[in-house]
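**Student:** Okay, predicted coordinates and the sequence, questions at the end:
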Amino acid sequence: MEITKPITFNTYKHHLFFLVYQLELWKKVEWKEVKQATRVIGNNLIDLYTGNLTVSEICSECLEKLNDLQIKNKSTFIESLQSNEYKKIKLSDNSVWILKIGKNEERFIHIHPAKYSPKSKRVRSSTLKTAIAVIYHSNLDNNLQTIDLKFINQIRIQKLNLSPVKSLQKNRGISQLINLFLNATGTTNIGLKYT
């Protein structure tokens, strides 16, 4: 998957189905490689796109919108922002995206889902890393198991150097994100147990 220039798009932070695809690839590598790859997720609150547009489709639609606005290069993009630091656009699935100036000269348009955009979830980066690590480790050697608080905390402490969580709440936080991943993969043989 290649992101079209001049766009910068951190798919590890902002695209659920990219991560679902990556998890399939990561099953074939050691955990240290996965942990290293997920460092780009950072340590902040992030907006994770959960819609059905592919990375290529998102980039293409963003560029089409900019083209419609006669934005052809970095200087016309900066001019279009006027006094704002960003521009909001709506894509074909009604998701809203933020476009701002990127740090790379060749990739001067940085995109990510807008805060509370349709088809996105606002999550802590530690929650996203936990969901990735839990699913990775629950699938190891096809030894599928029930995911419960004990297992999640074991992963958080031993694999991510994070503090344990006190409880799992149905349809919130870690539970919600794990379920999003499981539903996206159609996985039915891993259960999430609230204990």
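**Tutor:** It's in. Numbering: from 1, shown residues only.
**Student:** show me where this protein has strands.
**Tutor:** For the chain, applying DSSP state E gives strands covering 7-8, 45-49, 86-90, 96-101, 109-113, 120-124.
**Student:** Could you list which residues are in contact with the nearest residue in space to residue 33 that is not next to it in sequence?
**Tutor:** Among residues not flanking residue 33 along the chain, residue 26 sits closest, at 7.4 Å (Cβ to Cβ, 6 or more residues apart in numbering). Just so you know, the C-beta spots here come from the backbone N, C-alpha and C atoms, and that holds for glycine as well. If a contact means Cβ atoms under 8 Å, 6 or more residues apart in numbering, then residue 26 has 33, 34, 37, 136 as its contacts.
**Student:** Buried ones from these, can you make that a ChimeraX selection?
**Tutor:** Remark: buried members of the contacts of residue 26, expressed as a ChimeraX selection using 16 or more other Cβ atoms under 10 Å:
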select :34,136
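**Student:** Among the contacts of residue 26, which lie within helices?
**Tutor:** Among these, the members falling in helices (DSSP state H) are 33, 34, 37, 136.
**Student:** picking up where we left off before, nearest to residue 152, of the contacts of residue 26?
**Tutor:** Lowest distance from residue 152 to these (Cβ to Cβ) belongs to residue 136, with 12.6 Å.
**Student:** just checking, the closest one touches residue 34?
**Tutor:** Yes: counting by Cβ atoms under 8 Å, residue 34 is a contact partner of residue 136 at 5.8 Å.
**Student:** Contact partners for residue 46?
**Tutor:** By Cβ under 8 Å, 6+ apart, the contact set of residue 46 is 13, 14, 112, 122, 123, 124, 125, 128.
**Student:** Kindly reformat the residues you listed as TSV containing pLDDT.
**Tutor:** Converted to TSV, the contacts of residue 46 look like this (pLDDT from 0 to 100):
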residue	pLDDT
13	95
14	96
112	97
122	96
123	95
124	96
125	96
128	97
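**Student:** Buried ones among the residues you listed?
**Tutor:** Buried members of those, counted by 16+ other Cβ under 10 Å: 13, 14, 112, 123, 125, 128.
**Student:** The helix or strand of the chain with the lowest mean pLDDT: how far from the chain's middle?
**Tutor:** Of all helical and strand segments in the chain, the minimum by mean pLDDT, DSSP states H and E falls on helix 173-185, at a mean of 86. Here helix 173-185 is found 12 Å from its chain centre; the criterion is Cα atoms, centre = their mean, to the nearest Å.
**Student:** how big is the angle separating it from strand 120-124?
**Tutor:** 140 degrees (axes from the mean of the first three to the mean of the last three Cα atoms, to 10 degrees).
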